[in-house]
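A.B. asks: need a structure here:
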Amino acid sequence: MTVPVVLGKPQPKQKEFMMATARYVAFGGARGGGKSWSVREKAKRLALKWEGIKILIIRKTYTDLRDNHILPLRAELPSELAPYKETDKAFCFRNGSRIKCSYFANDSDALQYQGQEYDVIFLEEATQFSELVFHVLKACLRGANDFPKRMYLTCNPDGIGFLWVKRLFVSRDYLPGENPDDFMFIQSLVDDNEILMRKNPDYVKQLDSLPEGMKERWRYGSWDVAEGQYFAEFRREIHTCEPFIIPKEWRRYISIDYGLDMLAAYWIAVDNSMNCYVYKELCQSDLPISAAAEAINGMRTADENIYCVLAPPDLWNRSQETGKSKALLFQEAGLTLTKSNNDREAGWLAIKELLRQDLEGNSRLHIFKTCTRLIKNLPELLRDPKRPTDTMNEPHDITHSPDALRYFAIYWVSPENNQIIKRVKYRADVLEDYFNATEEERQIIIKKYGGPPEI
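C.D. replies: You can find the predicted model right below:
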């Protein structure tokens with residue numbers, strides 16, 4: 001007996017999703033992109049084409065699972081072809097294929113799937129789940145048949161899983177053992193959903209009327225604007241720029257955050273209009289102090305007159321074992337540090353001040369596009385719900401680069417440190433002495449001649 005099945009016609013982005021062959025495919029990035037329809041359509045086509053294939057569709061809540069998948073699939077699939085079994089929440093096809101629908105209210109619900117095998121898994125609204133759920137489901141992609149195992153994820157830039165989804169599919173920042181070829185992201189906006197635009201044109205107006213941060217995420221699919229984001233004002237198109245040759249007369253700084261887990265160092269130049277340009281980045285782990293100093297000095301060029309190297313005050317704490325501070329060890333290794341301020345809230349506010357746009361839309365902070373880690377991590381910092389004026393310390397690996405920038409920002413905006421407005425013209429011999437001096441010697445020269453010097 002032949003049972004007719006009506007299949008839908010995918011729109012261009014939906015077709016791209018259905019044709020994707022990567023092991024992990026993420027689809028969406030904004031509201032109204034036709035994600036749930038694409039999941040149902042892809043699942044139906046796979047089940048009809050491949051005999052005995054096992055498919056799993058997951059949502060966060062049963063209500064979403066029922067409304068977006070179970071009820072529509074029951075209407076779209078003839079019961080003679082794929083009867084629905086309520087006890088299993090599964091559609092069992094006559095050719096042996098099976099679409100099981102499930103929901104995970106919390107991480108522990110995913111653990112019940114350990115040891116199970118599926119050929120294809122659809123994780124709907126993936127950013128509503130933790131990375132643990134993703135790893136558990138990855139282990140379920142196995143079986144003895146020849147069908148290539150795949151996971152399809154739909155997502156919006158929101159929720160507890162924002163960072164891991166962004167890392168894998170948007171930033172493409174992979175850890176050892178992760179193959180970049182396994183991951184593919186297909187952006188789909190409401191404008192790509194021609195049917196929705198035609199049938200419900202007011203939906204776009206609803207998205208356009210949302211608060212700014214929410215509109216950036218839901219309307220335009222921006223992964224730089226997270227819910228609870230501390231630096232919601234950060235915009236790549238405003239705060240990043242193409243690299244250029246820094247003029248010699250601009251004052252230059254290096255600002256570092258040091259730990260054995262990560263050295264984050266940034267070179268920052270300030271122009272005559274007080275605009276700050278982050279132009280060089282060094283991020284490396286497992287460096288003892290001598291190696292960290294060597295790495296920083298190794299990236300300094302011969303014509304690069306660094307005014308000072310800023311670092312957090314804790315580096316001046318003396319070790320009980322050696323009696324020496326990390327700052328002293330850096331100096332012995334050839335890198336003299338200048339103590340900045342470790343006031344977290346004031347430091348974050350100083351960065352906000354540099355990020356702030358004036359009436360013409362210009363900002364005082366610009367980051368070279370080659371400083372990829374800072375550009376990635378700065379907008380990922382989330383607000384601490386217990387201390388709204390501070391950021392969260394987790395995930396810890398994203399905090400190093402913003403911390404290094406913070407030590408510069410609080411130094412620069414503090415009136416007692418930002419003395420560039422009081423510059424004095426030095427004689428050539430005094431200027432030479434100044435540039436060859438240690439930070440302590442420079443302070444003596446400034447007290448004697450005034451300054452800092454014009455450069």
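A.B. asks: now the residue lying closest to Ile57 once chain neighbours are set aside: how far from Lys100?
C.D. replies: Residue nearest to Ile57 in three dimensions, not counting chain neighbours: Phe122, with 4.6 Å by C-beta to C-beta, 6 or more residues apart in numbering. Every residue, glycine included, has its C-beta placed from N, CA and C. Separation of Phe122 from Lys100 (C-beta to C-beta, to the nearest Å): 10 Å.
A.B. asks: quick one on the thing from earlier: surely the residue nearest to Ile57 meets Leu56?
C.D. replies: Yes - applying C-beta atoms under 8 Å, one finds Phe122 in contact with Leu56, separated by 7.0 Å.
A.B. asks: Name the residues contacting each of the two.
C.D. replies: Shared contacts of Phe122 and Leu56 (C-beta atoms under 8 Å, 6 or more residues apart in numbering): none.
A.B. asks: Of these two, which one has the most company?
C.D. replies: Phe122 (30 against 24; other C-beta atoms under 10 Å).
A.B. asks: which element follows the helix or strand that contains that one toward the C-terminus?
C.D. replies: Under the criterion of DSSP states H and E, Phe122 resides in strand 120-123. For strand 120-123, the following helix or strand on the C-terminal side (DSSP H and E) is helix 131-138.
A.B. asks: Give me the buried positions along that following helix.
C.D. replies: By 16 or more other C-beta atoms under 10 Å, the buried positions in helix 131-138 come out as Glu131, Val133, Phe134, Val136, Leu137.
A.B. asks: Could I have the CA atoms of the helix or strand harbouring Ala110 written out in PDB?
C.D. replies: For Ala110, the enclosing helix or strand under DSSP H and E is helix 107-111. What follows is helix 107-111, C-alpha atoms only, in PDB (Å, rounded to 0.1, in the frame of the first residue of the first chain):
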ATOM      1  CA  ASP A 107      20.900  18.400  32.900                       C
ATOM      2  CA  SER A 108      20.100  15.200  34.800                       C
ATOM      3  CA  ASP A 109      17.400  14.400  32.300                       C
ATOM      4  CA  ALA A 110      20.100  14.000  29.600                       C
ATOM      5  CA  LEU A 111      22.000  11.500  31.600                       C
END
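A.B. asks: Name the residues of that helix that come out as buried.
C.D. replies: Using 16+ other C-beta under 10 Å as the test for burial, helix 107-111 gives Ala110.
A.B. asks: try stretch 99-109
C.D. replies: For stretch 99-109, the neighbour count (16+ other C-beta under 10 Å) marks Ile99, Lys100, Cys101, Ser102, Tyr103, Phe104 as buried.
A.B. asks: Repeat that for stretch 372-385.
C.D. replies: Neighbour counts over stretch 372-385 (16+ other C-beta under 10 Å) mark 372-384 as buried.
A.B. asks: Can you give me the distance of the residue nearest to Arg236 when sequence neighbours are not counted to Arg373?
C.D. replies: Closest residue to Arg236 apart from its sequence neighbours, by C-beta to C-beta, 6+ apart: Asp224 at 6.1 Å. Distance of Asp224 to Arg373, given as C-beta to C-beta: 15 Å.
A.B. asks: what does the strand holding Phe122 contact?
C.D. replies: With C-beta under 8 Å, 6+ apart as the contact definition, strand 120-123 has outside contacts at 39, 42-43, 46, 53-58, 129, 133-134, 137, 140-141, 147, 149-154.
A.B. asks: What strands flank that strand, and is each parallel or antiparallel?
C.D. replies: Taking DSSP bridges as the criterion, strand 120-123 sits next to strand 54-59 (parallel), strand 150-155 (parallel) in its sheet.
A.B. asks: could you give the angle of the last one to helix 131-138?
C.D. replies: Angle between the axes of strand 150-155 and helix 131-138 is 150 degrees (criterion: axes from the mean of the first three to the mean of the last three C-alpha atoms, to 10 degrees).
A.B. asks: Looking at the helix or strand following strand 150-155 now, give me its mean pLDDT.
C.D. replies: Counting by DSSP H and E, the next helix or strand C-terminal to strand 150-155 is helix 162-165. The average pLDDT within helix 162-165 is 86.
A.B. asks: any idea how far Asn393 is from the residue nearest to Arg236?
C.D. replies: Plainly put, Asp224 is 21 Å away from Asn393 if you go by C-beta to C-beta.
A.B. asks: how long is stretch 151-162 end to end?
C.D. replies: 18 Å (C-alpha to C-alpha, to the nearest Å).
A.B. asks: which parts of it are buried?
C.D. replies: Buried residues in stretch 151-162, counted by 16+ other C-beta under 10 Å: Met151, Tyr152, Leu153, Thr154, Cys155, Asn156, Pro157, Asp158, Gly159, Gly161, Phe162.
A.B. asks: Quick one: the helices in the stretch 351-455 of the chain, in order.
C.D. replies: Using DSSP state H, counting those that start in this stretch, the helices assigned to the stretch 351-455 of the chain run over residues 372-377, 400-413, 428-436, 439-449.
A.B. asks: So what's the gap between the longest one and the chain middle?
C.D. replies: For helix 400-413, the gap between its own C-alpha mean and the chain's C-alpha mean amounts to 19 Å (C-alpha atoms, centre = their mean, to the nearest Å).
A.B. asks: so what does that helix touch, helix or strand wise?
C.D. replies: strand 251-258, strand 263-270, strand 276-284, strand 306-311, helix 344-355, helix 372-377 (3 or more C-beta pairs under 8 Å, 6 or more residues apart in numbering; DSSP states H and E).
A.B. asks: and of the ones you listed, who's closest to Gly8?
C.D. replies: helix 372-377 (37.1 Å; C-beta to C-beta).
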